[in-house]
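# Here is my input, please return the structure:
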Amino acid sequence: MKKLNILLLIILFGVQHLNAQVSEAQREKDVQSIDNLMEALYASISGEKGEPRDWDRFRNLMLPGSRLIPTASGKDGKNTYQIMTPEEFVQNTDRYFVENGFYEYEINREEQHYGRIVHVMSTYGSKRSESDAEPFNKGINSIQLFNDGERWWVVTIYWAHESDDNPIPERYGGN
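Down below sits the predicted model:
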């Protein structure tokens, strides 16, 4: 019995090690181009109800000191914002995403490049499930990226949801 337990541990460790290598290879690929990074960003936060999110993949995209800044219209009509670290974003959203399902995808993208920095205006749609016909929410992510010569990093994600008072302009994929 003891030998069987040891064998099972060796197999389990080997499978976990193999998965870590595959995961590390994917994380390296995620940061080699803007397209890969954007795909990884949306994929890491998306999933069906009950599915855990790939927060390690998400964290790998973030420059140390990066920030996530959602904006909203407050009850008093004034615009508000919240500044979060990537870890605070994970803590604030993980349970909700898993309990409700959350699938975010890119509708449109406009990029502005200057050397090692890039500004991305990424119009998104949010669904509870990838199979939903229509998004329950849309908005624009203003994403700042930095290339250190070896890879791309997310510096800031600053976003606003679409509303009647704040429609997405046609230029960014709005109707």
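# name the element the residue most central in space within the chain belongs to?
Centroid-nearest residue in the chain, with Cα atoms, centre = their mean: Leu41, separated by 3.4 Å. Per DSSP states H and E: Leu41 is located in helix 34-45.
# and that helix, what does it pack onto?
Secondary-structure packing of helix 34-45 (3 or more Cβ pairs under 8 Å, 6 or more residues apart in numbering; DSSP states H and E): helix 2-30, helix 55-61, strand 103-114, strand 117-127, strand 137-147, strand 152-161. Using the backbone N, CA and C atoms, a C-beta is placed for each residue, glycine as well.
# Mind telling me what element the residue nearest to Gln82 when sequence neighbours are not counted is part of?
Closest residue to Gln82 apart from its sequence neighbours, by Cβ to Cβ, 6 or more residues apart in numbering: Pro70 at 5.6 Å. Taking DSSP H and E as the definition, Pro70 sits inside strand 62-73.
# and the very next helix or strand once past that strand, average pLDDT?
Downstream of strand 62-73, the first helix or strand assigned by DSSP H and E is strand 79-81. The average pLDDT for strand 79-81 rounds to 96.
# what's the answer for stretch 28-39, then?
Averaging pLDDT along stretch 28-39 gives 98.
# Ala40: what's its closest spatial neighbour, skipping adjacent residues?
Asp30 (3.8 Å).
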